[in-house]
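Peer 1: sequence and predicted model, in that order:
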Amino acid sequence: MRIALSQQHCGPDRQENLARALTAMEHARDAGAELITFPELAIERFFPQHERLTEAAALAEPIPGPTTRAIAARARDLRLVTVFNLYERLDDGPRYFDSSPVFDAYGELLGVTRMVHITDYACFHERAYYHPGDRGAPVYRTRAGRIGVAICYDRHYPEYMRALALNGAELVAIPQAGAEDEWPEGLYEAEVRTAAFQNGYYAALCNRVGREEKLTFAGESFVVDPEGQVIARGAKLEDDLLLAEVDLTCCAQSTARRLFWRDRRPELYRDWLG
């Protein structure tokens with residue numbers, strides 16, 4: 001199966017950004033992809049780089065809403081499983097989430113993953129905008145396989161990445177907002193490679209790209225196989241539609257599922273982890 005990662009920049013015109021995403025879906029399907037995933041805040045400038053941006057609330061939408069209806073319609077027309085990401089608003093409060101709706105190949109909304117772990121540090125002031133996710137670590141049965149989502153910061157947590165495996169994920173999509181030189185050399189890929197190897201699934205990290213007010217997003221999206229090997233890598237500092245071939249049947253015979261899972265001692269872990 002072929003998958004696509006739409007590594008794209010976001011300009012100030014939101015509708016242009018959405019049009020770019022819809023066009024990427026067309027190009028992905030033309031290239032034979034059965035699934036496409038997008039970066040974090042796929043059609044917005046990255047507002048958490050600012051400590052408090054009052055106009056950000058106006059960007060939030062319900063799901064379903066105008067943006068997700070457009071994405072769903074294109075997914076249906078193209079028969080393309082789609083993992084998106086946007087700023088979600090619930091009117092009970094209101095509350096706001098960093099959210100990834102997942103659409104099956106006929107445009108059906110299968111569910112919404114919400115980022116669980118919310119951080120705050122220089123240029124990533126996410127606690128000013130997001131409530132912690134309340135949906136756990138769901139895995140969706142799609143026409144392209146069993147898909148989990150780890151939104152950006154959640155990928156740093158082994159507990160979350162393991163939960164996706166235990167829930168049956170064969171491929172984990174990672175919508176990402178990763179800045180240039182944000183982490184020590186090599187760790188950007190290493191932790192995702194380790195998670196894929198320890199859990200026996202594919203991981204597809206799709207990063208945003210381009211210069212914004214305070215950050216330059218690096219791009220360099222990549223796909224890792226269940227043995228922790230990078231099998232595809234996107235361009236640095238420029239838009240790219242990254243394509244990769246995956247064989248989800250490999251998950252069942254991965255090192256993790258033949259050995260690590262067999263020898264787990266979950267009866268001990270509850271006490272260790274509290």
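Peer 2: Now that the structure is in, tell me what you want to look at. Model, not experiment: these values are computed from the prediction.

Peer 1: can you give me the strands in the stretch 1-150 of the chain?
Peer 2: 2-7, 35-37, 81-83, 86-90, 95-103, 109-114, 139-142, 145-149 (DSSP state E, counting those that start in this stretch).

Peer 1: so which of those is nearest Pro175?
Peer 2: When the strands of the stretch 1-150 of the chain are compared by CB to CB, strand 95-103 sits nearest Pro175, at 5.7 Å. Every C-beta, even on glycine, is put in place using the N, C-alpha and C of the backbone.

Peer 1: helix or strand right after the helix or strand containing Ala232?
Peer 2: In the assignment (DSSP states H and E), Ala232 maps to strand 230-233. Remark: after strand 230-233, the chain's next helix or strand is strand 240-245, criterion DSSP H and E.

Peer 1: in that next one, which residues are buried?
Peer 2: 240-244 (16 or more other CB atoms under 10 Å).

Peer 1: my guess is Ser221 contacts Asp240. True?
Peer 2: Yes. With contact defined as CB atoms under 8 Å, Ser221 and Asp240 form a contacting pair (7.1 Å).

Peer 1: follow-up on the earlier one: output the strands of the stretch 1-150 of the chain as TSV; include the columns distance to Asn207, mean pLDDT and mean neighbour count.
Peer 2: Below are the strands of the stretch 1-150 of the chain laid out as TSV (distance: least, CB to CB, whole Å; pLDDT from 0 to 100; neighbours: other CB atoms under 10 Å):
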stretch	distance to Asn207	mean pLDDT	mean neighbour count
strand 2-7	6	98	26
strand 35-37	11	98	29
strand 81-83	14	98	29
strand 86-90	16	98	22
strand 95-103	14	98	24
strand 109-114	18	98	20
strand 139-142	22	98	20
strand 145-149	15	98	26
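
Peer 1: need those strands in JSON lines (columns: distance to Ala19).
Peer 2: Listed next are the strands of the stretch 1-150 of the chain as JSON lines, based on distance: least, CB to CB, whole Å:
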{"stretch": "strand 2-7", "distance to Ala19": "13"}
{"stretch": "strand 35-37", "distance to Ala19": "15"}
{"stretch": "strand 81-83", "distance to Ala19": "16"}
{"stretch": "strand 86-90", "distance to Ala19": "15"}
{"stretch": "strand 95-103", "distance to Ala19": "18"}
{"stretch": "strand 109-114", "distance to Ala19": "21"}
{"stretch": "strand 139-142", "distance to Ala19": "25"}
{"stretch": "strand 145-149", "distance to Ala19": "24"}
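
Peer 1: closest to Ala177 out of these?
Peer 2: Once these are compared by CB to CB, strand 95-103 is nearest, at 9.5 Å.

Peer 1: show me what that closest one is packed against.
Peer 2: helix 66-78, strand 81-83, strand 86-90, strand 109-114, strand 145-149 (3 or more CB pairs under 8 Å, 6 or more residues apart in numbering; DSSP states H and E).
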